[in-house]
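>>> The following comprises the amino acid sequence and a computationally predicted model.
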Amino acid sequence: MANDYILSSVTDVQQLLKGNADSQSVAMLNNVMAETIGMAMHNAVTAQHNAQMLNSATTTSTCARILSVMGATPPAPAPPPAPTPPATPNAAPETPATGTATAAESGTPVASNNTSN
């Protein structure tokens, strides 16, 4: 009887392990396939990107050669604007061209010049 009990338990453990082994091997196979397909897609996208970059560079180079043979030159870029002088905060205001001081500069009111005939 003890041998039947031991044999039965060993058989049950083997069946349990075999059942788990099948599901684990299928899960591992699915993981490996997903990783393989992902890498294949990544490689395809990278190859397509590199081909597009090469195509763009070739087109640009060909257009530049055609334009150079035809004698066309691109227009020169516009010169940059002249720099503006920095404003000085403590500078005195400019005097008028006649040389007379304004009311604000002299501190006294300036008489108006009425020269009507």
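Yep, it's here.

>>> use CA for all of it now, contacts and neighbours both
Noted.

>>> what does the model give Ala87 for pLDDT?
Here the pLDDT value assigned to Ala87 is 76.

>>> And for Ala47?
pLDDT recorded at Ala47 is 97.

>>> Backbone dihedrals for Pro89, please?
Main-chain dihedrals, Pro89, degrees, to the nearest 10: phi -70, psi -30.

>>> Now for it, how many residues are close by?
Pro89 has 6 neighbours, counted by other C-alpha atoms under 10 Å.

>>> got the contact list for it?
Listed by C-alpha atoms under 8 Å, 6 or more residues apart in numbering, the contact set of Pro89 is empty.

>>> so where's the chain shaky on pLDDT?
Residues of the chain that meet the criterion pLDDT under 70 lie in 1-2, 19-21, 72, 74, 91-117.

>>> Would you map the helices across this structure?
Remark: helices assigned in the chain by DSSP state H are 2-70, 103-106.

>>> Turn those into JSON lines, including distance to Pro80.
Converted to JSON lines, those look like this (distance: least, C-alpha to C-alpha, whole Å):
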{"stretch": "helix 2-70", "distance to Pro80": "26"}
{"stretch": "helix 103-106", "distance to Pro80": "39"}
